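[1] okay, here's the prediction I keep looking at, along with the sequence it came from:
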Amino acid sequence: MYVDVPAPAHTGGVSGGVVVLDGGLSTVLEEQGHRLTDSLWTARVLLDDPAAIAAAHRAYFDAGARVATTASYQMSVPSLQANGLSRAQSRAALTRSVTLARQVRDGLAADGVQRWVAASVGPYGAVLADGSEYRGRYGLPAVQLRDFHGPRLEVLAAAGPDLLAVETIPDIDEAEVLVGLLAQLGVPAWFSFAEHRGRTRAGQPLAEAFAVAASAGTVRAVGVNCCDPDEVLDAVQLAVEVTGRPAVAYPNGGEQWDPAHRRWVGRPRFDPALVLAWAASGAEWVGGCCRVGPATIARVAAEVRATTRASGGADRSDRPAGRDADRGRSP
């Protein structure tokens, strides 16, 4: 039985309750000195130095985040096997990404604050490690995408996250496959797209993409991530209008990813104060993605707390927890 994640009902503003997400896992790891040039990206650190992953989750919780997003974004059984792991070891690594985050979360349970673990489900293009998640249109039939996503979704769900973070999806074709799999699993999820100027990265209308994502009843929120911070507000408003559900929004720092040289270019432009407008427009899950670290998430959390208290509302990030055991599932 899963913990009580917010149901799909738009509350219409900050006072209705906002969950502060974490930021980029890679950002913290790079600050720790890890070089994320391996094709497995943060999953390589999970394999080689799990304590560093745990420390990253803790850093975000300490900053005020209420969600730990697992190090499974760029993981799949085939990609792990291609890096020398057996099938059993690959499945165990996926499971470990969830159990590690849960251990960090559960270690803070005494303070009575509700926190969640979201199992990251990145797009097929992420495992290619060539920037394909920002292009989509892989040229693969739906059955091949199902064969890729299905097994890892099952392993991640069985590991006991509170919800799935289906994120950075670049096109509707892949979204349709994922929605079908989510409907079969019955696990709560949010669903976010990589977008650019009102369209998916593959060029389809974002409104159509949001409608597809919301067709799965288990999807609690629909929105965008790893996009330009200045484009989030329009996307949030559109998501709420199209789906009638809360939105999720966690852009990157505003820089652009250069896949040829595997680096971020440009200047950071993430303003934590922007989250207030997103929340007022219906975003109930707000945070950051690549290049947004704990210091920025701490400012996001402070903005949410200050505005919520001023309005007399109850910030969901400060809501006392009914822990997993209270709902019949052991952590």
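    Done, it's in. Numbering: from 1, shown residues only.
[2] going by C-alpha atoms from here, please, whenever you check contacts or count neighbours.
    Fine.
[3] mind listing the helices for the stretch 151-300 of the chain?
    Secondary structure of the stretch 151-300 of the chain (DSSP state H, counting those that start in this stretch): helices at 172-185, 206-213, 232-243, 274-280, 294-311.
[4] of all those helices, which lies closest to Leu128?
    Of all the helices of the stretch 151-300 of the chain, it is helix 172-185 that lies closest to Leu128, at 15.0 Å by Cα to Cα.
[5] can I get the closest one in PDB, CA atoms only?
    The C-alpha trace of helix 172-185 is given here as PDB (Å, rounded to 0.1, in the frame of the first residue of the first chain):
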ATOM      1  CA  ILE A 172       4.000  11.900 -27.400                       C
ATOM      2  CA  ASP A 173       4.900   8.600 -28.900                       C
ATOM      3  CA  GLU A 174       6.900   7.600 -25.800                       C
ATOM      4  CA  ALA A 175       4.300   9.200 -23.500                       C
ATOM      5  CA  GLU A 176       1.600   6.900 -24.900                       C
ATOM      6  CA  VAL A 177       3.700   3.800 -24.200                       C
ATOM      7  CA  LEU A 178       4.400   5.000 -20.700                       C
ATOM      8  CA  VAL A 179       0.800   5.900 -19.900                       C
ATOM      9  CA  GLY A 180      -0.300   2.400 -20.900                       C
ATOM     10  CA  LEU A 181       2.400   0.800 -18.600                       C
ATOM     11  CA  LEU A 182       1.400   3.200 -15.700                       C
ATOM     12  CA  ALA A 183      -2.200   2.200 -16.000                       C
ATOM     13  CA  GLN A 184      -1.200  -1.500 -15.600                       C
ATOM     14  CA  LEU A 185       1.000  -0.800 -12.500                       C
END
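[6] tell me what angle that helix forms with helix 206-213.
    The directions of helix 172-185 and helix 206-213 differ by 20 degrees, with axes from the mean of the first three to the mean of the last three Cα atoms, to 10 degrees as the criterion.
[7] other residues contacting helix 172-185?
    123, 137, 142, 145-146, 149-150, 154, 157, 169, 200, 204, 208-209, 212-213, 215-218 (Cα atoms under 8 Å, 6 or more residues apart in numbering).
[8] export the helices of the stretch 151-300 of the chain to CSV and tack on distance to Ser192 and mean pLDDT?
    Shown next, in CSV, are these (distance: least, Cα to Cα, whole Å; pLDDT from 0 to 100):
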stretch, distance to Ser192, mean pLDDT
helix 172-185, 10, 96
helix 206-213, 8, 98
helix 232-243, 10, 98
helix 274-280, 15, 95
helix 294-311, 19, 87
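[9] of all these, which one is nearest Arg58?
    Here helix 294-311 is closest among the helices of the stretch 151-300 of the chain (Cα to Cα), at 9.8 Å.
[10] so which elements touch that closest one?
    Counting contacts by 3 or more Cα pairs under 8 Å, 6 or more residues apart in numbering; DSSP states H and E, the secondary-structure elements packed against helix 294-311 are strand 19-20, helix 50-63, helix 274-280.
[11] so what's the gap between that helix and the chain middle?
    19 Å (Cα atoms, centre = their mean, to the nearest Å).
[12] with stretch 114-125 instead?
    Worked out by Cα atoms, centre = their mean, stretch 114-125 lies 5 Å from the chain centre.
[13] in the protein, spot the helix with the most residues.
    helix 87-106 (DSSP state H).
[14] okay, the angle between whatever helix or strand comes next after that one and helix 87-106?
    Later in the chain than helix 87-106, the nearest helix or strand by DSSP states H and E is strand 116-121. Angle, strand 116-121 to helix 87-106, by the same axes, to 10 degrees: 150 degrees.
[15] which residues does strand 116-121 contact?
    Residues outside strand 116-121 that contact it (Cα under 8 Å, 6+ apart): 66-74, 97-98, 101-102, 105, 153, 156-157, 161-167.
[16] who's the most centrally placed residue in the chain bridged to?
    Most central in the chain under Cα atoms, centre = their mean is Ala165, positioned 4.3 Å from the mean C-alpha point. Counting by DSSP bridges, Ala165 forms beta bridges with Ser120, Trp190.
[17] still on that earlier bit, most tightly packed of the helices and strands packed on helix 294-311?
    A comparison of the helices and strands packed on helix 294-311 by mean neighbour count, using mean count of other Cα atoms under 10 Å, puts strand 19-20 on top with a mean of 30.
[18] many thanks, have a good one.
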